[in-house]
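[1] Here you go, sequence then predicted model.
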Amino acid sequence: MSEWEEEIDKNTKTKDIEKKLIKVIFDNCFKMGVCMDLTDLDLQETDYSRLTVKEVMDKIRDFLAQKPKDISEMTFLRYLAKYPVTMCKREVSPRLKTLIGFHYRLGVPNQQQADNGAEKVSYDDLAEIFVRSKATISECVNQTENEWKDVQYKVQQEQKLEEEAHKQLLEEKMQELRKVEQNNQTVSQTTERTPNSPSEEV
């Protein structure tokens, strides 16, 4: 291979690496966005009376023992800070089911996001983040299907109400503009019909 061919090959590889890196960054941003949607809810747990230091440490150690991905570490920490009792207790609480089920469904990228590099959140991803078996993850996803549909329905209804309110507001503004235009036309016509006052002779 000649020197210029080697240079072209090197540049091609560099571009490929850049493309892959951009896709990885976009995928991580997408996945972190899913977690932030679920941690921005006003549901922070503040009663730690049922939680022991040992339970928290055991959960952290079990999580780290998996040698998790960087994005999983960030997601785990956000959930642990927001929902420590839910994350660390052995039992699968209703809130944990909701977190897992909703995280899975929010983690499905649309076509544009997929084209940019976002990948669907998998059962493996969730098993790593929540330190649960894939069987438990599957069970949580299946058991929250109706809850997810209810939320989606409420969101759609709220969007319809917002659209209707927006249309009504626009119509009110249009009516106000029509009245202003009509008033301006009336004033203009009145002015045109009024004869000019005669000039005073000196």
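    Great, that's in hand. Residues are numbered from 1 along each chain as shown.
[2] got the domain boundaries for this protein?
    With automatic domain parsing as the criterion, the domains of the chain are listed as 3-143, 145-190.
[3] Turn those into CSV, columns for mean pLDDT.
    Formatted as CSV, these follow (pLDDT from 0 to 100):
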stretch, mean pLDDT
domain 3-143, 91
domain 145-190, 80
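[4] Tell me which of those domains sits most buried.
    With neighbours defined as mean count of other CB atoms under 10 Å, those peak in mean count at domain 3-143, which reaches a mean of 15. Glycine gets a C-beta too; all of them are placed from N, C-alpha and C.
[5] Roughly how far does the residue nearest to residue 96 when sequence neighbours are not counted sit from residue 93?
    Beyond its immediate neighbours in the sequence, the residue positioned closest to residue 96 (CB to CB, 6 or more residues apart in numbering) is residue 86, lying 5.0 Å away. Note on residue 86: its distance to residue 93, by CB to CB, to the nearest Å, is 6 Å.
[6] who's in contact with residue 16?
    With CB atoms under 8 Å, 6 or more residues apart in numbering as the criterion, no residue contacts residue 16.
[7] May I have the phi/psi pair for it?
    Backbone torsions for residue 16, taken as degrees, to the nearest 10, come to phi -60, psi -40.
[8] where's it relative to residue 54, distance?
    If you go by CB to CB, the gap between residue 16 and residue 54 works out to 48 Å.
[9] same thing with residue 100?
    As judged by CB to CB, residue 100 and residue 54 stand 24 Å apart.
[10] What of residue 140?
    25 Å.
[11] And residue 107, by the same measure?
    31 Å.
[12] Show residues contacting whichever strand or helix holds the residue nearest to residue 96.
    Residue 86 belongs to helix 84-88 when elements are defined using DSSP states H and E. Outside helix 84-88, the residues that touch it by CB under 8 Å, 6+ apart are 45, 47-48, 50-51, 55-56, 58-59, 76, 79-80, 93, 95-96, 99, 130.
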